[in-house]
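>>> dropping the sequence and predicted coords here.
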Amino acid sequence: MPSAFVLRIALASVVVTSTVSSMVGGFTPQDVSDPEYMTRAWKAAKGINDDASNEGPYHMIPVKILNAKTQVVAGVNHVFEVLFGESSCKKGDLSASELTATNCQLKEGGRKVIYEVHLWEKPWENFEQFNVKKVRTLAPGEQV
């Protein structure tokens with residue numbers, strides 16, 4: 001009889017553990033090397049460059065995805081942190097919506113800032129809503 005009790009306890013702990021690790025509606029970590037996140041970061045660049053937190057004369061462009069997670073809601077909620085760097089493109093010469101990796105390069109010695117990007121997508125409605133928040137400015141020479 002004690003072995004049946006131990007078996008029930010073991011089974012219950014497996015069920016509880018698997019339920020917690022795949023909680024419905026919770027965030028799921030994503031692979032930061034997925035190229036889709038860099039594509040999303042370039043789309044978010046418009047909001048970052050229109051935002052007052054980018055007070056410099058140059059556009060900021062995405063350099064590296066630091067972390068990413070998703071949540072299934074009425075669509076997909078993506079939350080990711082992106083390292084943005086100051087580019088060689090002046091704000092008056094090029095609009096934020098025209099920025100691409102081919103026409104705007106990272107400025108040597110420019111500012112680097114981490115932003116948190118929230119993207120709510122509903123692909124079946126062709127809907128995207130971006131919210132960006134400045135996390136912090138990196139010190140000169142600081143690596144992440």
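Happy to help now that I have it.

>>> confirm that Trp120 sits in a helix.
No: per DSSP: H, G, I helix; E, B strand; the rest coil, Trp120 lies outside any helix segment and is strand.

>>> looks like Val132 contacts Val113 (just checking).
No: the pair Val132 / Val113 is not scored as a contact, 10.5 Å apart, by Cβ atoms under 8 Å. Every residue, glycine included, has its C-beta placed from N, CA and C.

>>> quick one: the strands in this protein, in order.
With strands called from DSSP state E, the chain shows them at 28-29, 58-73, 75-90, 112-122, 127-137.

>>> show me what contacts the most centrally placed residue in the chain?
Centre of the chain computed as the mean C-alpha position; nearest residue by Cα atoms, centre = their mean is Phe80, 1.8 Å away. Neighbour list for Phe80: 30, 32, 37, 40-41, 65-69, 116-117, 119 [criterion: Cβ atoms under 8 Å, 6 or more residues apart in numbering].

>>> which strand residues bridge the nearest residue to Lys122 once chain neighbours are set aside?
Leaving aside its sequence neighbours, Lys122 sits nearest to Gly75 (Cβ to Cβ, 6 or more residues apart in numbering; 3.6 Å). Counting by DSSP bridges, Gly75 is bridged to Val73.
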